[in-house]
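**Student:** Mind folding the following:
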Amino acid sequence: MAFTKTTIIEKIAGKNNYTPSQAKDIIETMLEIIKETLTAGEDIMISGFGKFQVNEKSPRKGRNPATGKDMMLGKRRVVTFKCAGRLRDEINGQKD
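**Tutor:** Okay, the predicted model is just below:
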């Protein structure tokens, strides 16, 4: 089961005595800031969590899976995420 934005809003509201509306505004604002920053090509590092990074992909040869025809895929930007060491350790049960 996926952890959804609605679930996050409910957890924030419950843990911090916010109304669901306030929690939703907080999450929406945070996500909008993240989107704007990544769209501008800047990286985002959240201490203890990880780093979102925008990478450039060069044009490359590809294949249309429906027709099998070769085609060129254009240059594009992708977002990658690298987990912070502290979070990785927690996930693997290696808390300090």
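**Student:** Mind listing what's buried along the longest helix seen in the chain?
**Tutor:** Assignment by DSSP state H gives helix 20-39 as the longest helix of the chain. Judged by neighbour count using 16 or more other Cβ atoms under 10 Å, the buried positions of helix 20-39 are 23-24, 26-27, 38. For the C-beta atoms, the positions are set from N, CA and C on the backbone; glycine is no exception.
**Student:** Could you work out the most separated pair of the residues you listed?
**Tutor:** Distance extremes for the buried residues of helix 20-39: the farthest pair is Ala23 and Leu38 at 22.7 Å, using Cβ to Cβ.
**Student:** the strands in the chain, which residues?
**Tutor:** For the chain, the strands defined by DSSP state E occupy 44-46, 50-57, 60-63, 70-73, 76-83.
**Student:** coming back round to it: ok and the longest helix of the chain relative to strand 50-57, angle-wise?
**Tutor:** If you take axes from the mean of the first three to the mean of the last three Cα atoms, to 10 degrees, helix 20-39 sits at 40 degrees to strand 50-57.
**Student:** How about Pro20: what's its closest non-neighbour residue?
**Tutor:** Distances taken as Cβ to Cβ, 6 or more residues apart in numbering put Ala13 closest to Pro20, at 4.8 Å, once the chain neighbours are dropped.
**Student:** Contact partners for the one you found?
**Tutor:** By Cβ atoms under 8 Å, 6 or more residues apart in numbering, the contact list for Ala13 reads 19-20, 22-23.
**Student:** quick one: which of these is nearest Thr80?
**Tutor:** Ala23 (28.1 Å).
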